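1. sequence plus the predicted model coming up.
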Amino acid sequence: MRMVKTSLLTLALIVLPSVAALAVGVGDAAPNYTATCPAGNEHTLDSASAASDITVLCFTCNGCPVAVAYEDRFIEFAEKYKDKKVNFVALNSNGESAEAMKTRAEQKGYNFVYAADEGAAAAKAYGAKVTPEIFIIKDGKIVYHGSFDDKMKNPERHYVADAVEALLAGKTPEVTETKAFGCGIKLKKK
Amino acid sequence: MKNWSRFVLLALVSIAMLSGVVRAAEPKIGVALADRAKYDELLATKRGQVVLVDFWATWCGPCIKQFSHTVELFGEYDRKDLAVVSVSMDEPEDQAKVREFLTVKQAAFDNLLSSYGVGQEGFDAFDLGDEGVPHYKLYDRQGKLRHVVNNVEQVDALLKELVDEK
């Protein structure tokens, strides 16, 4: 029994730091991920990047009122930048069903990919903790991480839009790191 | 039959009176709008007590689930040992909704509602970490911030440790 405990502890010591080390920040290479669209097809960062110059990766979900409050802004953003090779991608890391995701996307008229991040693997790799939480990726690197804007109601600072505008103009975003706020992502296994 | 009806009526009246008495005895739950300065002012009045602050929001599922535990902890300790403060990270206009929740939970301690609204400013002002809410801060009797945790399971032992530091 003691040997089993010791082995488990050793395994935990090996695994835990490596999991923690997976989280990335601004300037780091963006980890590829594989997510599943409600229709069953796979979606990866590589596929998103192949179709665009800039990928705006958003960790979100159906149930968080803060994430829900941002849906219209995401749709508006995706529409505004769709012809500028900016790809808005939403990942659901909270284990909601494909059916629930499909229904939500149809109800709101999502004009972007909304894929399931099985086991919150992508959230863990990126170190995403809340919904909504955004990573902007350009040339395979993370160039912005944080919140979509500064406030759920009547925002004054539009971090993601400003960063994308700067990138489209060939500049470095003025603000590259902000604090994301919202509901916690269910990172633990049930 | 007549006696039986009278008995039922009497029982109903008694129950109604009793519930009225119980309700009257329940403390009135208030919630005050607060920025960081008001939060610090309130905490300064708690010197000599260990302070547990529960940052929560009505939009946060785990916060709602865990809030009862904060109320239980408040009941477990002597008032001279522990003060509890809750800070809701909801929108200021949601004050009625926040008060309703606190009333249901019988949160008979100091309840604050962040005046910043849901956004970065409030999370920064109250030094909430990357993991957002629920978020607990534990201050010792001297008013020094000693522990910051997101997991309610960690609160009990840390709180006991601080209370035992007499």
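-> Cool, got the structure.
2. mind checking how far the residue lying closest to residue A:72 once chain neighbours are set aside is from residue A:165?
-> Once flanking residues are discounted, residue A:72 sits nearest to residue A:108: 7.9 Å by CB to CB, 6 or more residues apart in numbering or on different chains. For glycine as for every other residue, the C-beta is placed from the backbone atoms N, C-alpha and C. For residue A:108, the distance to residue A:165 equals 25 Å [CB to CB, to the nearest Å].
3. likewise for residue B:28?
-> 51 Å.
4. of these two, who's got more company?
-> residue A:165 (15 against 7; other CB atoms under 10 Å in any protein chain shown).
5. and what about that one, helix, strand or coil?
-> helix (DSSP: H, G, I helix; E, B strand; the rest coil).
6. and the gap between it and chain B?
-> 19 Å (CB to the nearest CB, to the nearest Å).
7. what are the ranges of the strands in chain A?
-> For chain A, the strands defined by DSSP state E cover A:34-36, A:42-44, A:54-60, A:86-92, A:113-116, A:130-131, A:133-138, A:141-146, A:183-184.
8. mean pLDDT lowest where, among those strands?
-> Lowest mean pLDDT of these: strand A:183-184, a mean of 90.
9. just list what it packs against, helices and strands only.
-> The contact analysis (3 or more CB pairs under 8 Å, 6 or more residues apart in numbering or on different chains; DSSP states H and E) places strand A:183-184 against helix A:65-81, strand A:130-131.
10. rerun at 7 Å
-> strand A:130-131 (3 or more CB pairs under 7 Å, 6 or more residues apart in numbering or on different chains; DSSP states H and E).
11. which residues touch the strand it packs on?
-> A:59-61, A:64, A:66-67, A:180-185, B:132 (CB atoms under 7 Å, 6 or more residues apart in numbering or on different chains).
12. residues from chain B in reach of chain A?
-> Listed as neighbours of chain A in chain B under the rule CB under 7 Å from any CB of the partner chain: B:59-62, B:91, B:117-121, B:123-124, B:130-132.
13. from those residues, which ones fall inside helices?
-> B:61-62, B:120-121, B:123-124 (DSSP state H).
14. buried members of these into ChimeraX, please.
-> Buried members of these, defined by 16 or more other CB atoms under 10 Å in any protein chain shown, are picked up in ChimeraX with:
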select /B:61,62,120,121,123
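15. how about TSV for the ones in helices among the residues of chain B next to chain A, with distance to residue A:30 and pLDDT added?
-> Converted to TSV, those look like this (distance: CB to CB, whole Å; pLDDT from 0 to 100):
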residue	distance to residue A:30	pLDDT
B:61	29	89
B:62	28	90
B:120	23	92
B:121	28	93
B:123	25	94
B:124	26	93
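16. what's near enough to touch residue B:39?
-> Contacts of residue B:39 by CB under 7 Å, 6+ apart are B:87, B:112, B:126.
17. swap in residue A:49?
-> A:55, A:137.
18. at 8 Å instead, please
-> Contact analysis of residue A:49 by CB atoms under 8 Å, 6 or more residues apart in numbering or on different chains lists A:55, A:87, A:137, A:140.
19. neighbours around residue 76, how many?
-> Let's take chain A. Count around residue A:76 with other CB under 10 Å applied: 12.
20. the chain in question should be chain B.
-> Neighbour tally, residue B:76, other CB under 10 Å: 13.
21. check what pLDDT it gets.
-> At residue B:76, pLDDT is 96.
22. what's the following helix or strand after the helix or strand containing residue B:137?
-> Using DSSP states H and E, residue B:137 maps to strand B:135-139. As assigned by DSSP H and E, the chain's next helix or strand after strand B:135-139 is strand B:145-149.
23. so that next one versus strand B:135-139, what angle?
-> 160 degrees (axes from the mean of the first three to the mean of the last three CA atoms, to 10 degrees).
24. strand B:145-149: partners in the sheet, and parallel or antiparallel?
-> strand B:135-139 (antiparallel) (DSSP bridges).
25. so what's the residue count around the residue nearest to residue B:111 when sequence neighbours are not counted?
-> Counting by CB to CB, 6+ apart, residue B:31 is the residue found nearest to residue B:111 once chain neighbours are left out, at 4.3 Å. Residues within reach of residue B:31, counting by other CB under 10 Å, total 22.
26. for residue B:31, give me its contacts.
-> B:88, B:95, B:98-99, B:102, B:111-113.
27. residues of chain A that sit close to chain B?
-> Counting by CB under 8 Å from any CB of the partner chain, chain A comes close to chain B at A:63-66, A:69, A:129-130, A:147, A:150-153, A:155, A:178-184.
28. buried ones among these?
-> Buried among those (16+ other CB under 10 Å): A:64-66, A:69, A:129-130, A:147, A:150-152, A:155, A:178-184.
29. and the next helix or strand past the lowest-mean-pLDDT helix or strand in chain B?
-> The weakest-scoring helix or strand in chain B, judged by mean pLDDT, DSSP states H and E, is helix B:2-25 (a mean of 56). Next helix or strand after helix B:2-25 toward the C-terminus (DSSP H and E): strand B:32-34.
30. buried set for that next one?
-> Buried-residue list, strand B:32-34, by 16+ other CB under 10 Å: residue B:34.
31. what strands line up against that strand, and which way round?
-> With DSSP bridges as the test, strand B:32-34 is paired with strand B:110-114 (parallel).
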